[in-house]
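Student: using only what follows, build the 3D model:
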Amino acid sequence: MDGLDYKTAIDHLSKDNKFKPYIDKIELPHRSPSSDIYSGLISSIVSQQLSVKVASTIHGRFIGLFQTEYPHAKELLNLTDIEMRSVGLSGQKTKYVRNVALFFQENNLFVKDWDILSNNEIISLLTEIKGVGKWTVQMILMFVLKRPDVFPVLDLGIQHGMIEIYNLKQEKKELHLKMESLSKKWQPHRTVACLYLWAVKDVL
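Tutor: Numbering: from 1, shown residues only. Just a heads-up that it's a prediction; the model follows:
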């Protein structure tokens, strides 16, 4: 994830005495940079609710439908339901990837200057697309735009990591509020904090 200041983030996060032992144990995995917001959203929808292996297989087949192995909106919108279903997409996912292509095309978002928009503005804009939720956009903010202070409080991996580190007993909304409160000490480096939280299960 090029673009994040890991050293500064780790120095800051290590001031949290309960978090530091996990930081010391965890080696963050290498992540291949995603290319752009549009294809990132398409990839996310294709991969939702699937194992990593199955998601990779279906995404590979889907990308294979395109001459340049890139899902250009015009080409995608010309595909039939039968073609998209043939590579393993459900009927719902077929609709959702079309929604993304149409939204980007109609709103001319392929040339959008995303850098001038705040995280919340991007979330508000992209969740207008049926099939794209807040969590999906937060993943785009983290892994495509490399925004340094994203905290997806509803992510189960983030929740489990914080429950383990801080021995949290709260549930549902109370848990979310406690997580938000604890995460404030990590600002403005919560994206890197989340990378560690996702990896906590690997060092238990």
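
Student: dump the residue contacts of the residue nearest the centre of the chain.
Tutor: Computing the C-alpha centroid of the chain and ranking residues by CA atoms, centre = their mean puts residue 139 first, at 1.6 Å. Counting by CB atoms under 8 Å, 6 or more residues apart in numbering, residue 139 makes contact with 40, 44, 152. (Each C-beta comes from the backbone N, C-alpha and C, glycine too.)

Student: once you drop chain neighbours, what's closest to residue 202?
Tutor: With sequence-adjacent residues excluded and distances taken as CB to CB, 6 or more residues apart in numbering, residue 202 is closest to residue 26, at 7.1 Å.

Student: tell me if I'm right that residue 62 and residue 47 touch.
Tutor: No - in this structure, residue 62 is not within contact of residue 47 by CB atoms under 8 Å, at 9.9 Å.

Student: quick one: which of the two has more around it?
Tutor: residue 62 (25 against 17; other CB atoms under 10 Å).

Student: report pLDDT for the residue of the chain positioned farthest from its centre.
Tutor: Here the centre of the chain is the reference, and by CA atoms, centre = their mean the most remote residue is residue 82, at 28.4 Å. pLDDT, residue 82: 97.

Student: and the residue nearest to the centre of the chain, how far from residue 45?
Tutor: Remark: distance between residue 139 and residue 45 (CB to CB, to the nearest Å) = 11 Å.

Student: one step back: and the contacts of residue 139, which are buried?
Tutor: Buried residues within these, counting neighbours by 16 or more other CB atoms under 10 Å: 40, 44, 152.

Student: of the residues you listed, which belong to strands?
Tutor: Using DSSP state E, no member of those sits in strands.

Student: and the residues you listed, which is closest to residue 99?
Tutor: Nearest to residue 99 among the buried ones among the contacts of residue 139 is residue 44, at 12.8 Å by CB to CB.

Student: now do the contacts for that closest one.
Tutor: Counted by CB under 8 Å, 6+ apart, residue 44 has contacts 136, 139, 140.

Student: same question, residue 122
Tutor: So, once contact is read as CB under 8 Å, 6+ apart, residue 122 ends up touching 114, 137, 140, 141, 145.

Student: taking those residues together, which two end up most distant?
Tutor: Among those, the pair separated by the greatest distance (CB to CB) is 114 and 137, at 11.4 Å.

Student: those two: which has the busier surroundings?
Tutor: Comparing residue 114 with residue 137 by other CB under 10 Å, the one with more neighbours is residue 137, at 25 against 16.

Student: so which strand or helix has that one?
Tutor: helix 134-143 (DSSP states H and E).

Student: tell me the buried residues in that helix?
Tutor: Neighbour-count burial for helix 134-143 [16+ other CB under 10 Å]: 135, 136, 137, 138, 139, 140, 141, 142, 143.
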